[in-house]
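>>> Sequence and predicted structure below; questions after.
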Amino acid sequence: MSRKLKFKAFGLLAAGFGLVAAFLVPLFAADTTISKFDVANQVSRSVRLKDNTDGSFSMAHWNTGDGTHFMPSGDAPARAVSVIQSVPGTFVVGTSTVAAQANSPTLPAVAAKTNYVSGFTVTGGGATAASAITITLSDGTNTLNFMTEIPAGAGLQTQPLIVGFPKPLPATAGITAWTLTVPSFGAGNTAASANIFGYVK
């Protein structure tokens with residue numbers, strides 16, 4: 001290949017990389033935080049990427065306020081790093097299983113403590129007739145509504161409703177319970193389960 005052709009090929013290759021960079025850089029043109037609450041281990045894992053404004057990113061300081069935090073020395077390159085925040089309280093769970101009846105598991109009120117709800121699950125089988133039910137999560141002051149469908153046929157399974165909050169929700173006041181209210185799935189239902197979980201501190 002002649003020197004002229006080599007320079008032309010190199011120029012096309014450089015232009016190609018520049019075009020790719022022009023499309024990719026705007027996708028990460030600002031500081032980005034990625035977080036996830038691990039229900040099984042009751043920890044919040046988060047990572048914050050700092051935009052260095054030169055096409056690169058580095059790990060930035062992250063502090064949840066009531067857990068551990070990570071501060072890299074210098075400009076540590078951004079990698080798949082997790083910041084682990086231990087739950088600042090005691091894990092609690094409420095559970096209930098019935099057949100063709102309402103379910104109301106709770107995180108009971110505890111003296112001098114505040115309840116934090118991390119999430120809940122609702123599972124079970126169908127009923128004689130199909131229906132849609134509204135599930136409520138409430139501390140007596142604040143109420144959240146969720147809807148799920150019950151299929152016709154006791155031998156069928158409902159679509160599991162699994163809700164997890166990225167940041168656990170505190171009750172409005174101390175010594176206050178969180179209650180998950182699940183209406184009956186309907187006549188003919190043979191099993192319906194509800195679980196609520198979180199921590200108290």
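Cool, the structure landed.
>>> and Gly124, bridged to which residues?
On the basis of DSSP bridges, Gly124 is bridged to Ala192.
>>> any idea where the helices of the chain begin and end?
Remark: helices assigned in the chain by DSSP state H are 3-24.
>>> What are the structural domain limits within the protein?
Domain assignment for the chain by automatic domain parsing gives 28-86, 90-200.
>>> between these, which gets the lowest average pLDDT?
If you rank the domains of the chain by mean pLDDT, domain 28-86 sits at the bottom with a mean of 49.
>>> need the contact list for Thr134.
145-147, 183 (Cβ atoms under 8 Å, 6 or more residues apart in numbering). Any C-beta I mention is one placed from the backbone N, CA and C, and that applies to glycine too.
>>> want to throw the residues you listed into JSON lines with distance to Ala99 and neighbour count?
Shown next, in JSON lines, are those (distance: Cβ to Cβ, whole Å; neighbours: other Cβ atoms under 10 Å):
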{"residue": "Asn145", "distance to Ala99": "24", "neighbour count": "9"}
{"residue": "Phe146", "distance to Ala99": "21", "neighbour count": "15"}
{"residue": "Met147", "distance to Ala99": "21", "neighbour count": "9"}
{"residue": "Pro183", "distance to Ala99": "14", "neighbour count": "16"}
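>>> how about those in CSV, adding distance to Ser138?
Output for those, formatted as CSV (distance: Cβ to Cβ, whole Å):
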residue, distance to Ser138
Asn145, 9
Phe146, 11
Met147, 15
Pro183, 14
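>>> nearest to Asn103, of those?
Pro183 (8.3 Å; Cβ to Cβ).
>>> how near is the spatially closest residue to Gly174 that is not a sequence neighbour to Ile133?
Nearest residue to Gly174, sequence neighbours excluded (Cβ to Cβ, 6 or more residues apart in numbering): Thr114, at 4.8 Å. Here Thr114 is placed at a distance of 29 Å from Ile133 (Cβ to Cβ, to the nearest Å).
>>> same question, Glu149
Distance of Glu149 to Ile133, given as Cβ to Cβ: 8 Å.
>>> again, but for Pro160
14 Å.
>>> who has more neighbours, the two?
Ile133 (19 against 11; other Cβ atoms under 10 Å).
>>> so the more buried one bridges to which residues?
Here Ile133, judged by DSSP bridges, has bridge partners Thr148.
>>> just the strands in this protein please.
Under the criterion DSSP state E, the chain contains strands at 32-38, 43-51, 57-59, 62-63, 69-70, 83-86, 90-98, 106-107, 115-124, 131-138, 143-150, 161-170, 178-181, 192-200.
>>> now the angle between strand 115-124 and the last one, please.
Computed by axes from the mean of the first three to the mean of the last three Cα atoms, to 10 degrees, the angle separating strand 192-200 from strand 115-124 equals 160 degrees.
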